[in-house]
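Visitor: sequence and predicted structure, then a few things I'm wondering about:
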Amino acid sequence: MTAALEIEDVSKVFRLFRERPSSLKQRVLSRRMRAEDFWALRDVAFEVQEGSSLGLIGHNGSGKTTLLKCIAGILRPTSGVIRYRGRVAALLELGAGFHPELTGRENVYLNASFLGLSRKDTDRVYDDIVAFAELQDFMDNQVKFFSSGMLVRLGFAVAVHVEPDILLIDEVLAVGDEAFQLKCLDRVRSFQAEGRTIVLVTHALDTVREVCDRAVMLDHGRIHAIGLPDDVVREMRYVLLGGTDPGFVAEQGTREAEIAAVEIIRASGAGDGPVLRDDPLTILIDVRTNEPVDDLDVDFAVLDGATNHPVIEERTSTHGIVIERFDGKKRVRFRIPSFPYTAGKYWVTIGLSSRSTGHLFHVQTQRYLFEVIEVPRVQEHIEVVVEAEVEDL
Amino acid sequence: MWDTHGRSPRSAERHRTSEVARSCVARLERTASDLRIHSRSPDIATALSVTERTSESLSLRPVARIRELYAHREILLNLIRKELKVKYNASILGAIWSVLNPIVFLAVFTFVVKVMGNSTPHYPVFLLSGLLAWNLFSVAVGNGTRSVIDNGNLVKKVAFPREILPLSVVGVALVDFVLQSAVLLLFILATGYGFHSEALVLYPLSFLTLVVFTTALTFWVSALNVRYRDVQHLIGLALLVWFWMTPIVYPGGIVQDKLIAPTAPWSPHLWTVYLLNPLTPIVSGFQRALYATVSPGGIRVLPDVSIAQLAGVIGVVLVGSLLLLLYTWRLFFRLSGDFAEEL
């Protein structure tokens, strides 16, 4: 496999002027310009294989967009080399060049030309674009009469019809309603199926897990983590959700006993689907030993994905369960009769330790992610007593 | 024999086997997806061109760059279309406004000349033949100054050859020039002023020179204005002075007569200095091509030079303009790498 995109020790320095001399007078008068160097990127290096998808995550201001702009050629790196094969299209903004006075149709052609589509190409995909945006009846109206949602849809519809070898997407997937987002993700998948290379900048970490083959996390312009999306996202979540602890490890322990499998059994059985609020939930943990283990204590914590605060923490020992010395496999079930917390994402962290010494055998932080949804319940029909009376006035 | 799961060791074994099988399947699927990726087109890996971006600003290679600009011509055409559309959108008369400008000029000057009297015969034809050329120049340079900064959002978000921005301004001015020239043409035909075919040769030469010179200057001011916003104010003033330095409303022939008159107290070289303004030969070329007569009815209007001489001077200006264009284009190209940062 060849690399479609190579980033070699790329750095980007912005000169931040306290007061930028933007006129000749200032330029002449203030010889000494007060400027500070801001390293937006520092020695960033990685490769993206042809046909693969890379997720680029990090805090605001961590350099993600700067890197995309350097790749696209909008900014020039201060040092380092960026090399790529084929044609690049960068979606840094939806509807680039849209003008309110022009009609939807004219804007499609204008915008498409900025993304590298020729007039002929655009003619060919025009109907698809309109259908994708679901704006068939509005294309001859000036876009100043469009709602912001319509504009975004139109912008995205054009964007997904470009056909580059390498597609750079900056945070533009997170637009529109949920149905439209799903459509966008579908489109990204078909890009992948066509063997195009994708670099995706996003704050939607789950999108990275779902879509990307690899992920890079940037922090203050440096690469903080690089690897499989699951690992990088876990790291990102940890850093995001309060931990600045550089000692964070997704996995630790001496592994006399290991977590072999973790499964969450919903009311509907095992599987990946969301959990309904107030439904019963069973956390199933399979433990495997590598050598005989004394006095095992199995614990889990459910953490709110938004805040990383534990909402449930339990261990076998507090339930009075004593696991005698054993060698082999055991299965532990924690049953929650009714999961009471609101809709959202929840992490499950699992730990195996020694009950007597507290020694950690194996801990997997944020091992399992599940989603809770709330379904509005239909009001049940109950008898309501109504009294009636008539009086003379 | 039985573990805590109530499973026989055998079934545990089977469990493990199925796990292995599953991972094998997963691997197979992965390979299949790799294959699919590669099957897209086996030659694509070798056929794709490699692009490299480094910290060094590229040096301009005009031929390659022109090819690149041609590849992006769609953007240029769309921008010009947009500009024209927006300019006349929501106005009832639309593009007629553009044409109305010279019509009103013609009407007013015809009237003024009738009432006030003017020593220049057929003054409207003389005036417009020079004025339209000047308009092309001043509109392009004037609007071109802000062309990059006004499109800051595009520059910061989209990668495309930045030259397209000033070029689109020149393009819009060109469209107006063509429309207005059509009016002048009609006027010349309608009033029976007529054409002088041998002088008309100067028209394409003057036009080409005007476009090259205008483009060169537009590149220059648009690039400089990104860093120093003084440029836009400076250009406004400079254009005003420049307008009166160029024989547009007054006949260049009179200037020539005054400057090279033997009794004049100043050196005859002043005429040469006057000619150093590149727009003088260009405008004179347009005037000579359309107004044609140097001294109608014995009144000196156009500079008294032969067509060949004038063509020679314009040719020199053309060569100079081409060199200037190469210089300002290079400058623009070099600075354009940092436009996104400066805005």
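Guide: That came through fine.

Visitor: all contacts plus neighbour counts: C-alpha atoms, from now on.
Guide: Noted.

Visitor: quick one: low-confidence residue ranges for the stretch 101-250 of chain B.
Guide: B:117-118 (pLDDT under 70).

Visitor: for it, which residue gets nearest to chain A?
Guide: B:Tyr228 (4.8 Å; C-alpha to the nearest C-alpha).

Visitor: next up, phi/psi of that residue, please.
Guide: phi -120, psi 110 (degrees, to the nearest 10).

Visitor: can you pull out the helices in the stretch 101-250 of chain A?
Guide: A:104-114, A:119-133, A:148-159, A:178-193, A:205-211, A:229-240 (DSSP state H, counting those that start in this stretch).

Visitor: of all these, which one is nearest chain B?
Guide: helix A:104-114 (5.3 Å).

Visitor: relative to the whole chain's centre, how far out is that closest one?
Guide: Put simply, helix A:104-114 sits 30 Å off its chain's centre (C-alpha atoms, centre = their mean, to the nearest Å).

Visitor: what's that helix packed up against?
Guide: helix A:119-133, helix A:148-159, helix B:73-88 (3 or more C-alpha pairs under 8 Å, 6 or more residues apart in numbering or on different chains; DSSP states H and E).

Visitor: show me what counts as buried in the second one.
Guide: For helix A:148-159, a neighbour-count test (16 or more other C-alpha atoms under 10 Å in any protein chain shown) marks A:Met150, A:Leu151, A:Val152, A:Arg153, A:Leu154, A:Gly155, A:Phe156, A:Ala157, A:Val158, A:Ala159 as buried.

Visitor: cool, stretch B:112-127 as well?
Guide: B:Val113, B:Thr120, B:Pro121, B:His122, B:Tyr123, B:Pro124, B:Val125, B:Phe126, B:Leu127.

Visitor: kindly report the same for stretch A:320-337.
Guide: A:Ile323, A:Lys329, A:Lys330, A:Arg331, A:Val332, A:Phe334.

Visitor: and stretch A:195-213, by the same measure?
Guide: A:195-203, A:205, A:207-209, A:211-213.

Visitor: that older thread, near chain A too, which of the buried residues of stretch B:112-127?
Guide: Among the buried residues of stretch B:112-127, none lies close to chain A by the criterion of C-alpha under 8 Å from any C-alpha of the partner chain.

Visitor: which one of these sits closest to A:Glu291?
Guide: Among these, B:Leu127 lies closest to A:Glu291 (C-alpha to C-alpha), at 102.3 Å.

Visitor: what about the closest one, distance to B:Phe109?
Guide: Distance, B:Leu127 to B:Phe109, by C-alpha to C-alpha, to the nearest Å: 9 Å.

Visitor: same thing with B:Leu302?
Guide: According to C-alpha to C-alpha, B:Leu302 stands 19 Å off from B:Phe109.

Visitor: and the pLDDT at residue 63?
Guide: This is for chain A. Looking at A:Gly63, its pLDDT stands at 89.

Visitor: ah, I was thinking of chain B
Guide: So, for B:Val63, pLDDT stands at 89.

Visitor: swap in the one 3 residues further on?
Guide: Note on B:Ile66: pLDDT of 91.

Visitor: kindly report the same for B:Val20.
Guide: At B:Val20, pLDDT is 40.

Visitor: related to what we said a few turns ago, farthest pair within the buried residues of stretch A:320-337?
Guide: A:Lys329 and A:Phe334 (16.7 Å).

Visitor: which residues touch the residue nearest to B:Val50 when sequence neighbours are not counted?
Guide: Computed as C-alpha to C-alpha, 6 or more residues apart in numbering or on different chains, the closest residue to B:Val50 that is not its neighbour in sequence is A:Arg85, at 4.4 Å. With contact set as C-alpha atoms under 8 Å, 6 or more residues apart in numbering or on different chains, A:Arg85 has these partners: A:Ala4, A:Leu5, A:Asp165, B:Ala45, B:Leu48, B:Ser49, B:Val50, B:Thr51.

Visitor: residues in contact with the closest residue to the first one other than its chain neighbours?
Guide: If the residues on either side of it in the chain are set aside, A:Ala4 comes closest to A:Glu50, at 4.5 Å by C-alpha to C-alpha, 6+ apart. With contacts defined as C-alpha under 8 Å, 6+ apart, A:Glu50 is in contact with A:Met1, A:Thr2, A:Ala3, A:Ala4, A:Leu5, A:Gly195, A:Arg196, A:Thr197.

Visitor: which of these scores worst on pLDDT?
Guide: A:Met1 (64).

Visitor: quick one, phi psi at the one residue in the stretch 151-300 of chain A that gets nearest to chain B?
Guide: Using C-alpha to the nearest C-alpha, A:Gly195 is the residue of the stretch 151-300 of chain A that sits closest to chain B, at 4.5 Å. Torsion angles at A:Gly195 (phi, psi; degrees, to the nearest 10) stand at phi 80, psi 20.

Visitor: distance of it relative to B:Ile164?
Guide: 32 Å.

Visitor: B:Thr280 too?
Guide: 28 Å.

Visitor: quick one: A:Ala267 and A:Pro280 touch, right?
Guide: Yes: with contact defined as C-alpha atoms under 8 Å, A:Ala267 counts as touching A:Pro280 (5.8 Å).

Visitor: and these two? Which one has more around it.
Guide: Higher neighbour count among A:Ala267 and A:Pro280: A:Pro280, with 17 against 14, using other C-alpha atoms under 10 Å in any protein chain shown.

Visitor: pretty sure that one sits against A:Phe339.
Guide: Yes: at 6.0 Å, A:Pro280 counts as touching A:Phe339 under the criterion of C-alpha under 8 Å.

Visitor: near chain B, which residues of the stretch 251-393 of chain A? Just list them.
Guide: So the stretch 251-393 of chain A meets chain B at A:Gly328, A:Lys329, A:Lys330, A:Arg331 (C-alpha under 8 Å from any C-alpha).

Visitor: any idea how far B:Glu74 is from B:Ser168?
Guide: 11 Å.

Visitor: of these two, who's got more company?
Guide: B:Ser168 (23 against 20).

Visitor: nearest residue to B:Ala216 in space, please, no chain neighbours.
Guide: B:Leu325 (4.2 Å).

Visitor: look at the one you found and report its pLDDT.
Guide: Looking at B:Leu325, the pLDDT reads 96.

Visitor: ok, now how distant is it from B:Val170?
Guide: Taking C-alpha to C-alpha, one finds B:Leu325 at 14 Å from B:Val170.

Visitor: common neighbours of these two, please.
Guide: Common neighbours of B:Leu325 and B:Val170 (C-alpha under 8 Å, 6+ apart) are B:Thr215.

Visitor: more crowded one of these two?
Guide: Set B:Leu325 next to B:Val170 and count neighbours by other C-alpha under 10 Å: B:Val170 wins out with 25 against 21.

Visitor: ok so the more buried one is a helix residue?
Guide: Yes: assessed by DSSP: H, G, I helix; E, B strand; the rest coil, B:Val170 belongs to a helix.

Visitor: identify the residues contacting it.
Guide: With C-alpha under 8 Å, 6+ apart, B:Val170 has these contacts: B:Leu136, B:Ala140, B:Val141, B:Gly144, B:Thr214, B:Thr215, B:Thr218.
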